[in-house]
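Novice: Any chance you could fold what I've pasted below:
(2 chains)
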There are 2 protein chains.
Amino acid sequence: MEKAIVLLSGGQDSATCLAIAQQTYSDITCVCFDYGQRHRIEIEYSKQLAALAESDFQCIDVRFMADLSASALIHSDQAITHAEGALPSTFVPGRNALFLTVAAMVAAQKGANVIVTGVCQTDFSGYPDCRDVFIQLQEQTINAAMDINLKIETPLMHLTKAETVLKMKDMGRMDWYALTHTCYDGARPACGTCPACKLRLAGFLSAGISDPLPYRQGDGSDQFGT
Amino acid sequence: MEKAIVLLSGGQDSATCLAIAQQTYSDITCVCFDYGQRHRIEIEYSKQLAALAESDFQCIDVRFMADLSASALIHSDQAITHAEGALPSTFVPGRNALFLTVAAMVAAQKGANVIVTGVCQTDFSGYPDCRDVFIQLQEQTINAAMDINLKIETPLMHLTKAETVLKMKDMGRMDWYALTHTCYDGARPACGTCPACKLRLAGFLSAGISDPLPYRQGDGSDQFGT
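Specialist: The predicted structure follows:
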């Protein structure tokens, strides 16, 4: 019985990863993080998704991150901006490095050989820690640190958002998307206008599939301009 | 004004690193971790050492580690053992990877370009995350994750414990060692018999210098067999 850790933020990509991991691994532990994110409602959805997948679930308290970053992803008094050539204001320096390191500690404890994460270079939004070069280094570092042989799998690394949506459709798990949370705003229904919502909606539009998530501005039909 | 982060556990090696860092860097932030260690008294000594060095001090709450490791360094119901060819029971998988990743997040926040850590390959006690190969990889990983150019300095990497002690003597900071904590047991005076105390005492003995720390069994004079 192969064991895997799935980094499950509760967003669209990590939910897709959970569905993909289920096709290969029979014993899955979903790990999410409480880092003081303004959209912390995603933790609740992460938990619901793990339950739906009949996986174990752990939420890990890394709220110290809120003191270490001025990111707009954590502090609601910061504006969400992304100037040309600059890092987005939602970038939390070191976030994925921390999450993968902690996930490796969970893997060591559980006897899992694999971490699955939904980072994606294609639509990486300017986050350096979503690039394949970082993932390769992080994997080597974890293995050197712990004297183990762990693999970090990134099934979405080279997919577009539209391809991710189509993959989920192929797996017959589109209903899971209704339990995901993407909006930076942390409210339901999703705002439909922040960069995260826009990226998500553009992916569904490009895939020609309606997003099952309700939006405050725009919905499944609006996505097609009707 | 060059800024540096010093990982200050409150032990002998990290105190030496703080003294070394003071010779180069004028703006130092000491970082220590509360990870539920059984010798958590070291946090108090870390704080006192930082005050003595007139450095900033941050203790970061990573107590989630206590749930992720069965290490004898955290759980006092585990025996401290080190069988030939096996990892020591005090090994906490991923500890240094986590500490360096978090230190890099502090560095990014403070605008520091350097992390100084007292890991040492010479007397590495079987901990894979004290080896130079790990440190090199961790540095590359942090830089790829955060798109920065941070250096991890390890001034003790290739020194013996005796050489570390002599270095501290040269710097005129032997009195700082009275404020360090090494003993796994977490009590004062130190036990003098656990693997950590034994390694420390052997270093002083080899350097021909008396440890200013009081011990329950053995003291400065006993170290020389008197």
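Novice: What ranges does chain A have for its helices?
Specialist: A:12-22, A:41-52, A:65-68, A:95-110, A:132-146, A:161-170, A:195-207 (DSSP state H).
Novice: which bits of chain A sit near chain B?
Specialist: A:60-65, A:68-70, A:87, A:93-94, A:96-98, A:101-102, A:104-106, A:108-109, A:128-129, A:131, A:133-134, A:137-138, A:140-142, A:144-148 (Cβ under 8 Å from any Cβ of the partner chain). The C-beta positions use only the backbone N, C-alpha and C, and glycine is treated the same way.
Novice: Weed out the non-buried ones from these.
Specialist: A:60, A:62, A:64-65, A:68-69, A:87, A:93-94, A:96-98, A:101-102, A:104-106, A:108-109, A:128-129, A:131, A:134, A:137-138, A:140-142, A:144-147 (16 or more other Cβ atoms under 10 Å in any protein chain shown).
Novice: if we can go back for a sec, and the helices of chain A as TSV, adding mean pLDDT and distance to residue B:211?
Specialist: Shown next, in TSV, are those (pLDDT from 0 to 100; distance: least, Cβ to Cβ, whole Å):
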stretch	mean pLDDT	distance to residue B:211
helix A:12-22	97	51
helix A:41-52	95	48
helix A:65-68	84	36
helix A:95-110	95	34
helix A:132-146	97	30
helix A:161-170	96	59
helix A:195-207	91	56
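Novice: Tell me which residues are up against stretch A:40-55.
Specialist: When contacts are defined by Cβ atoms under 8 Å, 6 or more residues apart in numbering or on different chains, stretch A:40-55 is touched by residues A:6, A:8-11, A:14-15, A:18-19, A:22, A:28-30, A:32, A:34, A:56-57, A:59, A:176, A:179-181, A:186-188.
Novice: Just the residues you listed: which are in strands?
Specialist: Counting by DSSP state E, the part of these found in strands is A:6, A:28-30, A:32, A:34, A:56-57, A:59.
Novice: Which pair of those spans the longest distance?
Specialist: A:28 and A:34 (20.1 Å; Cβ to Cβ).
Novice: When these two are compared, which one has more neighbours?
Specialist: Remark: of residue A:28 and residue A:34, residue A:28 carries more neighbours, 25 against 16, as counted by other Cβ atoms under 10 Å in any protein chain shown.
Novice: Surely that one is in contact with residue A:20?
Specialist: No: if you go by Cβ atoms under 8 Å, residue A:28 and residue A:20 don't touch, sitting 10.8 Å apart.
Novice: List the residues that contact residue A:102.
Specialist: Going by Cβ under 8 Å, 6+ apart, the list of residues near residue A:102 reads A:31, A:33, A:60, A:62, B:64, B:68, B:94, B:98.
Novice: whoops, residue A:65 was the one
Specialist: A:35-36, A:74, A:92, A:95, A:98, B:105.
Novice: try 10 Å this time
Specialist: A:33-37, A:71, A:73-74, A:92-95, A:98, B:60, B:102, B:105 (Cβ atoms under 10 Å, 6 or more residues apart in numbering or on different chains).
Novice: And residue A:118, by the same measure?
Specialist: A:6-9, A:11-18, A:20, A:130, A:154-157, A:159, A:164.
Novice: Span of stretch A:20-37 from start to end?
Specialist: 26 Å (Cα to Cα, to the nearest Å).
Novice: Check which residues of that stretch are buried.
Specialist: Result for stretch A:20-37 [16+ other Cβ under 10 Å]: buried residues A:20-22, A:25, A:28-37.
Novice: Kindly report the same for stretch A:46-53.
Specialist: A:46-47, A:49-50, A:53.
Novice: One more: stretch A:203-218?
Specialist: A:203-205, A:207, A:209, A:211, A:213, A:215, A:218.
Novice: which of those lies closest to chain B?
Specialist: residue A:203 (24.8 Å; Cβ to the nearest Cβ).
Novice: Give me the nearest residue to that closest one, chain neighbours excluded.
Specialist: Sequence neighbours aside, residue A:161 is the residue nearest to residue A:203 in space, at 2.7 Å (criterion: Cβ to Cβ, 6 or more residues apart in numbering or on different chains).
Novice: Provide a list of residues in contact with the one you found.
Specialist: A:12-13, A:120, A:122-123, A:199-207.
Novice: Quick check: it vs residue B:212, distance?
Specialist: Here the criterion is Cβ to Cβ, to the nearest Å. By it, residue A:161 lies 62 Å from residue B:212.
Novice: what does residue A:181 give?
Specialist: As judged by Cβ to Cβ, residue A:181 and residue B:212 stand 56 Å apart.
Novice: Show the model's pLDDT score for residue A:225.
Specialist: Reported pLDDT at residue A:225 in the predicted model: 41.
Novice: thinking again about what came up before, and the furthest pair within the contacts of residue A:65?
Specialist: A:73 and B:60 (19.3 Å).
Novice: Just put the ones in strands among the contacts of stretch A:40-55 in JSON lines and tack on pLDDT.
Specialist: Below are these laid out as JSON lines (pLDDT from 0 to 100):
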{"residue": "A:6", "pLDDT": "98"}
{"residue": "A:28", "pLDDT": "98"}
{"residue": "A:29", "pLDDT": "97"}
{"residue": "A:30", "pLDDT": "98"}
{"residue": "A:32", "pLDDT": "97"}
{"residue": "A:34", "pLDDT": "94"}
{"residue": "A:56", "pLDDT": "97"}
{"residue": "A:57", "pLDDT": "97"}
{"residue": "A:59", "pLDDT": "96"}
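Novice: Let's have those residues in a markdown table, adding distance to residue B:169.
Specialist: Output for the ones in strands among the contacts of stretch A:40-55, formatted as a markdown table (distance: Cβ to Cβ, whole Å):
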| residue | distance to residue B:169 |
| --- | --- |
| A:6 | 52 |
| A:28 | 54 |
| A:29 | 49 |
| A:30 | 52 |
| A:32 | 49 |
| A:34 | 46 |
| A:56 | 52 |
| A:57 | 53 |
| A:59 | 48 |
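Novice: dump the residue contacts of residue A:165.
Specialist: Contacts of residue A:165 by Cβ under 10 Å, 6+ apart are A:12, A:16, A:159, A:174, A:177, A:200, A:203-209, A:211.
Novice: If we use 7 Å, what do you get?
Specialist: Applying Cβ atoms under 7 Å, 6 or more residues apart in numbering or on different chains, we find residue A:165 in contact with A:203-204, A:207, A:209.
Novice: swap in residue A:3?
Specialist: Per Cβ under 7 Å, 6+ apart, neighbours of residue A:3: A:25, A:27, A:110-113.
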